[in-house]
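> From the sequence below, what's the structure:
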Amino acid sequence: MEDLKVSEDYKKAFNYADMICSYAPESLKEIKIPEKQSSEFLKGFQDRITQYEKEKKKEAIKYFSPEKLREKYGLSDPEKDRTKSIEKEK
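Presented below is the predicted three-dimensional model:
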């Protein structure tokens, strides 16, 4: 089995980015990560930011699913309405 270990620089950067994501996510827009440079520190920082963005998208989908929006605005499900109209025709 493959031994998965990360460097101390990667851990530090991941944890720094985690603090930013947790306590000051609005500042992520202002942070510029160098694209041409590569290091374990930058990789750890970028990995945590990428993970945060994925988490944010999942959270948004959960709150803005069609079912939740119908429930919030008191709208009916068009699929259920169609099924009811078909049953009435029988």
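
> hey, let's count contacts and neighbours off CA atoms from now on
OK.

> Show me the longest helix that occurs in this structure.
helix 40-63 (DSSP state H).

> what comes into contact with that one?
Residues from elsewhere that reach helix 40-63 (C-alpha atoms under 8 Å, 6 or more residues apart in numbering): 7, 9-18, 21, 33.

> Could you pull out the buried residues of that helix?
For helix 40-63, the buried set under the neighbour-count rule, 16 or more other C-alpha atoms under 10 Å, comprises 40-49, 52.

> Which strands and helices lie in contact with the following helix or strand past it?
Per DSSP states H and E, the first helix or strand lying C-terminal to helix 40-63 is helix 66-73. Packing partners of helix 66-73 (3 or more C-alpha pairs under 8 Å, 6 or more residues apart in numbering; DSSP states H and E): none among the helices and strands.

> CA-only coordinates of helix 66-73, as PDB, when you get a sec.
Extracted as PDB, the C-alpha positions of helix 66-73 are listed here (Å, rounded to 0.1, in the frame of the first residue of the first chain):
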ATOM      1  CA  PRO A  66     -35.700  22.800  -6.800                       C
ATOM      2  CA  GLU A  67     -37.400  21.100  -3.900                       C
ATOM      3  CA  LYS A  68     -36.200  23.600  -1.400                       C
ATOM      4  CA  LEU A  69     -37.200  26.500  -3.600                       C
ATOM      5  CA  ARG A  70     -40.700  25.100  -4.200                       C
ATOM      6  CA  GLU A  71     -41.100  24.600  -0.500                       C
ATOM      7  CA  LYS A  72     -39.800  28.100   0.300                       C
ATOM      8  CA  TYR A  73     -42.100  29.900  -2.200                       C
END
